[in-house]
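Peer 1: here is a sequence together with a model predicted from it:
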Amino acid sequence: MNAAEFAWWFWPLALFAACFVIGMVAVPAGIGGGTLFVPIVGSFFPFHLDFVRGAGLLAALASALSAAPMLLRGGLGSLRLALPLALLASVGSIVGAYVGLELPANLVQTLLGVTVLGIVALMLLTDSSRAAPPRREDALGRWLGLAGSFHDHAAGREVAWEARRTLPALALFGGIGVLGGLFGIGAGWANVPALNLFMGLPLKIAAGTSALVLAMASSSAAWIYLDQGAVLPMIAVPTVAGMMLGARVGVRLLMVLHGAVIHRLVVGVLLFAGLRALLRGTGLWH
């Protein structure tokens, strides 16, 4: 069925409903709303990819800002840990946003498909490693005080955590920021594996802190897309509204659900969306 056969108001309403579901799922998975938003909306909605990427950064920002206060109150996110990582990620996202707006849409779509399929591999690796054993913190992490504890409601116990490899992690988050700004998907898809696998943090702390990093880093790239006229209100408004409402539900799911349940759902959706984006970018699927 052709997109022109629907009334103009159908697509904003459909977008709001889709973003509510995306926001609800993205927070427990710790990947940010933009990670699901761009490949899904870019593949199934009749919008130009530049507008989708601009709205995708606002989507990541909205879901992160909506979830951040509840994550901090629940002890599932560390502001002390998020601040230095977000600083490097913000700089990288600005660079990525300028590069992404200069590239042709087909090339970005192809690169997005490849990246999303890489995200699936990273999430599978993260899912299988969610019970990583604790390790000693490094000197920089100790100096910055990157350690703490939280109450895991699903497991019914207090869990202690401490960061490691802090210095190389700062460089890693700068690179992650570049990719997030380039594709307009935020960087939660890479934040969580980096925090969990590279820095040795429990998966729930990784997911919660990822949302705090997104709240700070996504805003930097979003301003670039806004300044270049790549933010369309008809797309951005239902996206932000749906994402913020869904994210509040998602925080409650994060507190009570095991991460594996949400991960399986997100991996399945991303696998399909990544393949579709790759095929559309290469002209094999219109």
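Peer 2: That came through fine.

Peer 1: quick one: low-confidence parts of the stretch 151-286 of the chain?
Peer 2: For the stretch 151-286 of the chain, the stretches flagged by pLDDT under 70 are 151-156, 185-189, 218-219, 254-255, 257-263, 265-266, 269, 273, 281, 283-286.

Peer 1: do that again at 90, thanks
Peer 2: 151-170, 175-236, 239-286 (pLDDT under 90).

Peer 1: how about the secondary structure of E158?
Peer 2: Assigned with DSSP: H, G, I helix; E, B strand; the rest coil, E158 falls in the strand class.

Peer 1: wait, isn't it in contact with F150?
Peer 2: Yes: using Cβ atoms under 8 Å, E158 makes contact with F150 at a distance of 7.4 Å. Heads up, the C-betas are built off the backbone N, CA and C, glycines and all.

Peer 1: what about these two, which has more around it?
Peer 2: Higher neighbour count among E158 and F150: F150, with 19 against 10, using other Cβ atoms under 10 Å.

Peer 1: can I assume the more buried one sits in a strand?
Peer 2: Yes: according to three-state DSSP, the state of F150 is that of a strand.

Peer 1: distance-wise, check it relative to A26.
Peer 2: Going from F150 to A26 by Cβ to Cβ, to the nearest Å gives 20 Å.

Peer 1: also V38?
Peer 2: For V38, the distance to A26 - Cβ to Cβ - is 12 Å.

Peer 1: neighbour count winner among the two?
Peer 2: Regarding V38 and A26, a neighbour count based on other Cβ under 10 Å identifies A26 as having more, with 34 against 29.

Peer 1: pretty sure G250 is one of the things the more buried one touches, is it not?
Peer 2: Yes: in this structure, A26 is within contact of G250 by Cβ under 8 Å, at 6.5 Å.

Peer 1: would you map the strands across the stretch 1-150 of the chain?
Peer 2: For the stretch 1-150 of the chain, the strands defined by DSSP state E, counting those that start in this stretch cover 147-152.

Peer 1: contacting residues around G274?
Peer 2: Going by Cβ atoms under 8 Å, 6 or more residues apart in numbering, G274 touches 39, 112-117, 119-120.

Peer 1: at 6 Å what do you get?
Peer 2: Applying Cβ atoms under 6 Å, 6 or more residues apart in numbering to G274 gives the contacts 113, 116-117.

Peer 1: same thing with L170?
Peer 2: Contact analysis of L170 by Cβ under 6 Å, 6+ apart lists L88.

Peer 1: what about it, which SS state?
Peer 2: Following three-state DSSP, we place L170 in the helix state.

Peer 1: where do the helices sit along the stretch 51-200 of the chain?
Peer 2: With DSSP state H, counting those that start in this stretch as the criterion, the stretch 51-200 of the chain has helices at 79-102, 105-128, 139-144, 166-183, 188-193.

Peer 1: burial count for W9?
Peer 2: Number of residues near W9 (other Cβ under 10 Å) recorded here: 9.

Peer 1: also the one 4 residues further on?
Peer 2: Other residues near L13 come to 12 when the count uses other Cβ under 10 Å.

Peer 1: one step back: make TSV out of the contacts of G274 and add pLDDT.
Peer 2: Shown next, in TSV, are the contacts of G274 (pLDDT from 0 to 100):
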residue	pLDDT
G113	79
V116	76
L117	83
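
Peer 1: I'd like those as CSV, with distance to L71 appended.
Peer 2: Formatted as CSV, these follow (distance: Cβ to Cβ, whole Å):
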residue, distance to L71
G113, 31
V116, 25
L117, 28
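
Peer 1: ok, back up a step: who touches both of V38 and A26?
Peer 2: Common neighbours of V38 and A26 are not found (criterion: Cβ under 6 Å, 6+ apart).

Peer 1: sounds good, over and out.
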